[in-house]
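Participant: what follows is a predicted protein model with its sequence.
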Amino acid sequence: MIRVLIADDHTIVREGLVNLLEEDGGCTVVAQAADGMEAVEKALETRPDVAIFDLTMPRLSGLEAVRRVNDALPGTRILVLTVHEEDEYIIPIVRAGASGYLVKDTASAELLTAVKTLSQGQAYFGPQAARALADQYRKPDDHPEDPYGSLTPREREVFHLVIEGKTTKEIARDLEVSTKTAENHRARVIEKLKVHNTAGLVRYAARHGLLS
């Protein structure tokens, strides 16, 4: 049996996937999660063979959830199942550690094939993702490395607090650091992501699927 975790903020989607995987896919669903933070927690608890993640989830974005699970559980293969098919979503999520990418109008049979393929340690990408990855390979200079990946864990914390609308004083209080330290972190995040202000950080988050 392939042990699967499903993370999606829509109950009807999770229920449909459970029925499909358990009735037709030879899988057992070991856990479900309704947001990104819960997805990471359930993954660490159950250590599934395959994790199916939506890209846009509350509390923690799919991108950051994929990154955290991939870092902590390299043996768990992550399949992203989403409505987004644009390159700006596909490339960062693959860099974060996803081994598969399908859009939600994919046929059931292809989804089952993807789960089985990932459980065998291989990758599986739908047509849109495969095309984006091929373009990335052919034109590497056109797709610079995602600077979000260069942020330290603390800088990522600051980034997400800023886009939530927290002031520098509030960030300092939440992280238990001085206002000066919080401001320095914020300045480094802005510099690394090559934006000019908080509005630029929010736009960056929206473009890269990082809004919770």
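Facilitator: Yep, that arrived. Numbers count the residues shown, from 1 in each chain.
Participant: SS state for Val80?
Facilitator: strand (DSSP: H, G, I helix; E, B strand; the rest coil).
Participant: let me see the contact set for it.
Facilitator: By Cβ atoms under 8 Å, 6 or more residues apart in numbering, the contact list for Val80 reads Ile52, Phe53, Asp54, Leu55, Gly62, Val66, Ile93, Ala98, Gly100, Tyr101, Leu102. Backbone N, C-alpha and C define where each C-beta goes, glycine included.
Participant: among those, name the ones in helices.
Facilitator: Counted as lying in helices by DSSP state H, out of the contacts of Val80, are Gly62, Val66, Ile93.
Participant: I'd like those written out as JSON lines, with neighbour count added.
Facilitator: Formatted as JSON lines, those follow (neighbours: other Cβ atoms under 10 Å):
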{"residue": "Gly62", "neighbour count": "29"}
{"residue": "Val66", "neighbour count": "28"}
{"residue": "Ile93", "neighbour count": "25"}
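Participant: pLDDT below threshold where in the chain?
Facilitator: Residues of the chain meeting the criterion pLDDT under 70: 136-145, 211-212.
Participant: wouldn't Val94 be in contact with Ala130 here?
Facilitator: No. Using Cβ atoms under 8 Å, Val94 is not in contact with Ala130; the gap is 10.7 Å.
Participant: which one of the two is surrounded by more residues?
Facilitator: Counted by other Cβ atoms under 10 Å, Val94 and Ala130 do not tie: Val94 has more neighbours, with 20 against 14.
Participant: so what's the more buried one up against?
Facilitator: Here Val94 is in contact with Tyr101, Ala129, Leu133 (criterion: Cβ under 8 Å, 6+ apart).
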